[in-house]
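[1] Build me a model from this:
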Amino acid sequence: MDLLLIFFTGIVATTLGTLAGGGGLISLPVMLLIGMPVHSAIGANKVSNTFSSFSAFIYLVRRKQINIKESIWLLPVSLAGGGTGAAIASFLSSQTMTIAAIFLLMFAMVTSFFSKASFEKAEPFKKTPASAAGLYGIGIYDGLFGPGQGTLMLYLFSWLEISYLKAVGLVRLATFSSCIGAAAVYITAGHIIWGLTLALMAGSWIGAQTGVRLAQRMKAGYVKPMLRIITLLLIIQLLIEYLK
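    Down below sits the predicted model:
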């Protein structure tokens, strides 16, 4: 029964995560609810995200929605940011990181109401000081803490005037980049419960494929309201965790 629940959780969480980020809002609480140890639950998320994110990215590459040469520079920048964040994390308490995450998400949501940037334009994805700094900064956040990384990246790509479908693919590539190292660490440490992790992985693969197909039909005007709802839910979840 647990395997089936985790499988369907992977479908729902990764579909949502592909469209607007925040898939961990669903998957992590469900895994903890059925009694998975926290490190095993996080590790399962990292392993499944590695494969599902890459599959979604490849789907969009094959349909010529993303140019690999244009986007490949994202990988070392995200990896460097994640490594920096992981190094900083050892010096900060979980409470400090939670507060920082709440304020960062609140800032992103508030500024989205004042920004005229949208996903209606289709600028090329170029390596500029602004884009590299934004990706590196979000990589640090992902290495430090993580919840809302995909949502924050979509805000960044909106500001860079990247089309929504391309932004979805780039977020999947960045997620693959940040998760592959973390997944290796959790596997090496022996935290992975393979039966449940493989069930989540199978569901996540279906969710990623469902998400990119829905993204193709998503109207640009719907994206920002959806991002704000996900951001608000993330903030509420983090506040609850902090108050505990």
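[2] In contact with residue 53, which residues?
    Shown in contact with residue 53 (Cβ atoms under 8 Å, 6 or more residues apart in numbering): 172-173, 175-176, 179, 208. Bear in mind the C-beta positions are built from the backbone N, C-alpha and C, glycine included.
[3] Now do the residue nearest the centre of the chain against residue 206, distance only.
    Among the residues of the chain, the one closest to the centroid is residue 150, at 3.2 Å (Cα atoms, centre = their mean). Using Cβ to Cβ, to the nearest Å, one gets 18 Å for the distance from residue 150 to residue 206.
[4] who touches the helix or strand where residue 221 lies?
    Element membership of residue 221 [criterion: DSSP states H and E] is helix 220-243. By Cβ under 8 Å, 6+ apart, the residues outside helix 220-243 that reach it are 16, 19-22, 25, 95, 98-99, 101-102, 105-106, 108-109, 112, 118-120, 147-148, 151, 154-155, 158, 163-164.
[5] Give me the buried subset of the residues you listed.
    16, 19-22, 25, 98, 101-102, 105, 108-109, 112, 119, 147-148, 151, 154-155, 158, 163-164 (16 or more other Cβ atoms under 10 Å).
[6] Closest one of the contacts of residue 53 to residue 199?
    Set against residue 199, the nearest of those by Cβ to Cβ is residue 208 (15.1 Å).
[7] what sits against that closest one?
    By Cβ under 8 Å, 6+ apart, the neighbours of residue 208 are 14-15, 18, 52-53, 55-56, 59, 172.
[8] which one is residue 158 nearest to, not counting chain neighbours?
    Counting by Cβ to Cβ, 6 or more residues apart in numbering, residue 158 lies nearest to residue 117, which is 5.0 Å off, once chain neighbours are set aside.
[9] What is the burial count for that neighbour?
    With neighbours defined by other Cβ atoms under 10 Å, the count for residue 117 comes to 17.
[10] which ones are touching it?
    Residue 117 makes contact with 158-161 under the criterion Cβ under 8 Å, 6+ apart.
[11] residue ranges with poor pLDDT in this protein?
    The chain contains residues with pLDDT under 70 at 89-90, 94, 145-146.
[12] All the helices of the chain, residue numbers only.
    2-20, 24-33, 38-62, 68-71, 74-89, 94-114, 129-144, 149-159, 164-188, 194-217, 220-243 (DSSP state H).
[13] so how far is the shortest one from its chain's centroid?
    A distance of 20 Å separates the C-alpha centroid of helix 68-71 from that of its chain, computed with Cα atoms, centre = their mean, to the nearest Å.
[14] tell me what it is packed against?
    Secondary-structure packing of helix 68-71 (3 or more Cβ pairs under 8 Å, 6 or more residues apart in numbering; DSSP states H and E): helix 164-188.
[15] what's the helix it packs on packed up against?
    Counting contacts by 3+ Cβ pairs under 8 Å, 6+ apart, helix 164-188 is packed against helix 2-20, helix 38-62, helix 68-71, helix 74-89, helix 129-144, helix 149-159, helix 194-217.
[16] Just name the most buried of those.
    Highest mean neighbour count of those: helix 149-159, a mean of 25 (counted as mean count of other Cβ atoms under 10 Å).
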